[in-house]
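> structure here, sequence nowhere to be found:
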C-alpha cells in the first residue's frame, strides 16, 4: 500500500493522488455553473457555425480522474454539412485527449 499526500516525498506525485480531491467533488456533467459555462449558440454570421462560451468544468477521464478545464475566450466551431440526406443530431462534446 502507498499513502500519498501533497507534501510527502520529494518526487512527483502520481496523477491520481493530485486529482483525487477534484474527482471526488465533480458533479454529474462536470460543469461548475451549468447556466453559464460553455453555453453553445449560433455564431455570428449564421450558417453551420456555433460558438461555445467561456466556462469552467471538470472532465472525468476513463481512469476516474477529473481534470480541470477552463475556456477563457469564446470558441467558434464549424459544423460540416449533412451530405447523407439522413436526419442527424449534432453534439458539442468537451473531452480530454490524454495522448496529446
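Great, that's in hand. Note that this is a predicted model, so its numbers are computed, not measured. Numbering: from 1, shown residues only.

> so what's residue 61 up against?
67, 96, 98 (Cβ atoms under 8 Å, 6 or more residues apart in numbering). No exception for glycine: its C-beta is placed from N, CA and C like everyone else's.

> hmm, which of those residues are the buried ones?
residue 67 (16 or more other Cβ atoms under 10 Å).

> among the contacts of residue 61, which lie within strands?
residue 67 (DSSP state E).

> ok, the contacts of residue 61 vs residue 52, which is closest?
Using Cβ to Cβ, residue 96 comes nearest to residue 52 of the contacts of residue 61, at 15.7 Å.

> gap between the closest one and residue 46?
If you measure residue 96 against residue 46 using Cβ to Cβ, to the nearest Å, the figure is 31 Å.

> hmm, back to that, so can I have JSON lines of the contacts of residue 61 showing pLDDT and distance to residue 34?
Listed next are the contacts of residue 61 as JSON lines, based on pLDDT from 0 to 100; distance: Cβ to Cβ, whole Å:
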{"residue": "67", "pLDDT": "78", "distance to residue 34": "18"}
{"residue": "96", "pLDDT": "77", "distance to residue 34": "19"}
{"residue": "98", "pLDDT": "73", "distance to residue 34": "25"}
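
> no further questions, thank you.
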